[in-house]
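J.: Sequence first, then the predicted structure, then my questions.
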Amino acid sequence: MTGFGKASLQLPTKKITVEVKSLNSKGLDLNVRMPSVYREMELGLRTQISTRLERGKIDFGIYVESTAEQTSTKVNVPVVKNYIAQLKEVYPDADETELMKMAVRMPDTLKTEREEIDENDWEQIQVIIEEALQNILTFRKDEGESLEKEFNLRIGNIRQYMNDALALDPERVQAIKDRLQTAIAELQVNVDENRFEQELIYYLEKLDITEEKVRLTNHLDYFLETIKGTEANGRKLGFITQEMGREINTMGSKSNHAQMQKLVVMMKDELEKIKEQVLNVL
């Protein structure tokens, strides 16, 4: 979602520069800066930018640098002369140069002729606006390719840690059986072996993580499938990571095994890195 684009154009009397940058945002937050002469075009520009960029905190600016020898700002001669005449009445012995310095600092001594939009100029400006937008889209695309590699790495790590945890399951189950049998032996009471086995099976079913493994695998696959799509999918990826987090948390609460819990923590760490980067996805 982050990016930067810039393009410039040299017209006969001025240089036009268009800049656009984008940061992460849940929606579209568009800020447009431009000279007042182009202000009437702002509504159309906003539509054009929002259509192309869709989401993000967008700062868009059109900057004008005058390169002509003449300027649209001129001295308002009648006003300056009037100020000098009034100042002479107040300071009759003052030097003419000093009066001039005071007069030009008074209000309305400069006047600026209002510029009108030149349609030919605006057509050329539209070209560099589109160029700047295309540049930021290219920037976003390059960033997206880097993020895809990052996501593939993190998803692969979670899958590996999950499989490592499942490989510990027989050891975990046996450790639970041994712990319960030791506890009963310490009580020095007679226990119905059949009833004990039934209760043990019921207890182990409560701690079984097969369903979590299946659902987490589906979420991992769906995440990878989604990032290959052509539409904006940042919000969807965020929802998928939430579901992944639920399954990982449940596996952790059921594990009852030190090494398996370490692997769950490592999965959570990888998931947090994914969530941070998902914020950059359109």
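T.: Everything's here; your move.
J.: Every contact and neighbour count from this point should use C-alpha atoms.
T.: OK.
J.: For this protein, give me the ranges with low pLDDT.
T.: Applying pLDDT under 70 to the chain picks out residues 1, 68-73, 111-115, 183-184, 186-189, 191-192, 195-196, 199-205.
J.: got a list of what Ile240 touches?
T.: Each residue near Ile240 by C-alpha atoms under 8 Å, 6 or more residues apart in numbering is listed here: 219, 222-223.
J.: mind redoing it with 6 Å?
T.: By C-alpha atoms under 6 Å, 6 or more residues apart in numbering, the contact list for Ile240 is empty.
J.: Past the helix ranked longest in the chain, which element shows up next along the chain?
T.: When the chain is parsed with DSSP state H, its longest helix is helix 119-167. Per DSSP states H and E, the first helix or strand lying C-terminal to helix 119-167 is helix 169-187.
J.: Next, the buried residues of that following helix.
T.: Buried residues in helix 169-187, counted by 16 or more other C-alpha atoms under 10 Å: 169, 172-173, 176-177.
J.: Next, the angle from that helix to helix 119-167.
T.: Here the directions of helix 169-187 and helix 119-167 differ by 50 degrees (axes from the mean of the first three to the mean of the last three C-alpha atoms, to 10 degrees).
J.: picking that back up, would you format the buried residues of helix 169-187 as JSON lines with distance to Ser146 included?
T.: Below are the buried residues of helix 169-187 laid out as JSON lines (distance: C-alpha to C-alpha, whole Å):
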{"residue": "Asp169", "distance to Ser146": "35"}
{"residue": "Arg172", "distance to Ser146": "39"}
{"residue": "Val173", "distance to Ser146": "41"}
{"residue": "Ile176", "distance to Ser146": "44"}
{"residue": "Lys177", "distance to Ser146": "47"}
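J.: For Phe4, state which of those is nearest.
T.: Nearest to Phe4 among the buried residues of helix 169-187: Asp169, at 49.4 Å, using C-alpha to C-alpha.
J.: Okay, the closest one and Ile128: tell me how far apart.
T.: Asp169 sits 61 Å away from Ile128, taking C-alpha to C-alpha, to the nearest Å as the criterion.
J.: what do you get for Glu276?
T.: Going from Glu276 to Ile128 by C-alpha to C-alpha gives 33 Å.
J.: Settle it for me: which of those two has more neighbours?
T.: Ranked by neighbour count (other C-alpha atoms under 10 Å), Glu276 and Ile128 place Ile128 first, with 20 against 11.
J.: Would you enumerate the residues in contact with the more buried one?
T.: Ala7.
J.: one more time with 8 Å
T.: 7-9, 18.
J.: Report the residue ranges of every domain in this protein.
T.: By the assignment in the TED database, the chain contains the domains 3-68+118-141, 73-112, 142-279.
J.: chain center to the one helix or strand Ile16 maps to: distance?
T.: Following DSSP H and E, one finds Ile16 within strand 14-23. Put simply, strand 14-23 sits 19 Å off its chain's centre (C-alpha atoms, centre = their mean, to the nearest Å).
J.: Fine, thanks again, bye for now.
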